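Novice: Here is my input; please provide its structure:
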Amino acid sequence: MATDTRDDAGWPVPPRPPEGVVMWNINTTCNYRCSYCTQRFLDDRTRWARDTPRFLEGFRRLPGRWEVKLSGGEPFLHPTLMDIVAGLAEMGHHVSVVTNFSAGIEKLDRFLEAAGAALRVFSASLHREYVATEQEETAFIEKARHVMTRLPPGASFHVTCVATRANLPVLPELVQRFAAAGIRLKVQPEKQQRDVIAYTAGEQAQILALGGHNGLGMIAPSFQGRPCWAGAYAFTLDDRGAAWRCYPARRYRQEYLGNFLDGTFALRETAQPCQYAYCNCTVPIERGMMTRS
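Specialist: You can find the predicted model right below:
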């Protein structure tokens with residue numbers, strides 16, 4: 001599809017992506033209980049994807065190559081994480097991970113070995129309710145640099161931190177400290193009950209000065225109406241196999257794609273307009289699945 005193709009509303013339709021992205025929450029289990037966590041209201045914080053062979057078979061059936069972005073909960077608590085990663089890498093898929101970075105060096109090294117050249121993005125979350133002192137921050141940075149020295153060619157590492165009101169005064173200094181260590185720190189606005197909290201104008205200016213949500217230059221990104229390949233070349237997947245077009249779709253229980261394990265899962269064929277006024281996930285925009293403007 002040509003890059004200058006436009007839909008009926010006049011939005012440019014991006015070309016078909018070279019590979020897809022699966023945003024897989026492999027468990028709800030987490031060893032942290034952050035006050036701002038969007039999953040803290042889940043009824044069950046002990047679930048994990050239990051049938052690894054069936055999930056891997058599902059990934060084997062996907063057309064072409066995919067980036068499988070593993071998150072949770074905390075994915076490093078999943079008992080078969082290394083089997084999952086090694087299986088995906090053996091199929092030729094890429095592997096990314098989002099973690100609270102509490103795992104020890106030995107487990108991190110095992111993950112890096114299992115992923116090998118398939119690793120694409122390693123995202124470590126800095127939770128200052130658990131990493132609060134200068135000594136703890138130093139240990140976090142040292143662990144990050146350890147991982148970075150072991151990344152395969154083409155892989156990237158970054159840190160994210162939620163811009164809570166408690167964090168806002170120290171975030172500029174943290175960004176500079178991590179940058180001095182060669183580490184990019186991206187901020188994420190705090191969400192409560194699905195939406196970004198009501199920041200003041202001054203607080204919004206602080207967040208925008210730090211790059212906005214994941215560096216997009218916005219507080220609460222909206223791509224409503226823009227053609228997006230999510231649903232065709234991207235989808236979210238939970239630990240039970242349920243799949244939705246994207247995170248906002250899952251949040252509102254819309255645009256269900258079926259279950260990944262029971263034969264009802266089906267991808268769409270074309271880019272379709274975004275249905276949501278707020279998108280809390282930057283994967284489609286960062287992977288070129290919709291236009292930035």
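
Novice: Can you report how many residues neighbour Gln135?
Specialist: When neighbours are defined as other C-beta atoms under 10 Å, Gln135 has 9 of them. From N, CA and C alone the C-beta is placed, and that goes for glycine too.

Novice: now do Lys191
Specialist: When counting by other C-beta under 10 Å, one arrives at 16 neighbours for Lys191.

Novice: For Glu203, see how far away it is.
Specialist: Per C-beta to C-beta, to the nearest Å, Lys191 is found 14 Å from Glu203.

Novice: now do Tyr32
Specialist: Per C-beta to C-beta, Tyr32 is found 24 Å from Glu203.

Novice: Equivalent analysis for Arg177, please.
Specialist: Applying C-beta to C-beta, the value for Arg177 to Glu203 is 21 Å.

Novice: which ones are touching the spatially closest residue to Trp229 that is not a sequence neighbour?
Specialist: Nearest residue to Trp229, sequence neighbours excluded (C-beta to C-beta, 6 or more residues apart in numbering): Met289, at 4.0 Å. Contacts here follow C-beta atoms under 8 Å, 6 or more residues apart in numbering; on that basis Met289 touches Pro14, Pro17, Val21, Cys228, Trp229, Ala230, Tyr233, Ala234, Ala271, Val283.

Novice: Could you list the low-confidence segments of the stretch 1-150 of the chain?
Specialist: Residue ranges of the stretch 1-150 of the chain with pLDDT under 70: 1-4, 39-48.

Novice: quick one on the thing from earlier: closest to Gly72 among the contacts of Met289?
Specialist: Val283 (16.0 Å; C-beta to C-beta).

Novice: give the contact list for that closest one.
Specialist: Shown in contact with Val283 (C-beta under 8 Å, 6+ apart): Val21, Met23, Lys69, Ala234, Met289.

Novice: what's the most distant pair in those?
Specialist: Going by C-beta to C-beta, the pair spanning the contacts of Val283 furthest: Lys69 and Met289, at 13.3 Å.

Novice: Tell me how many other residues crowd Pro114.
Specialist: Slight slip there: residue 114 is Ala, not Pro. Per other C-beta under 10 Å, the neighbour tally for Ala114 reads 20.

Novice: Now do the buried residues in the helix or strand that contains it.
Specialist: Using DSSP states H and E, Ala114 maps to helix 105-115. For helix 105-115, the neighbour count (16 or more other C-beta atoms under 10 Å) marks Leu108, Arg110, Phe111, Leu112, Ala114, Ala115 as buried.

Novice: Including distance to Ser293, could those go into TSV?
Specialist: TSV is the format used below for these (distance: C-beta to C-beta, whole Å):
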residue	distance to Ser293
Leu108	38
Arg110	42
Phe111	37
Leu112	37
Ala114	39
Ala115	34
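
Novice: so which of those residues would you say is closest to Thr28?
Specialist: Nearest to Thr28 among those is Phe111, at 19.7 Å by C-beta to C-beta.
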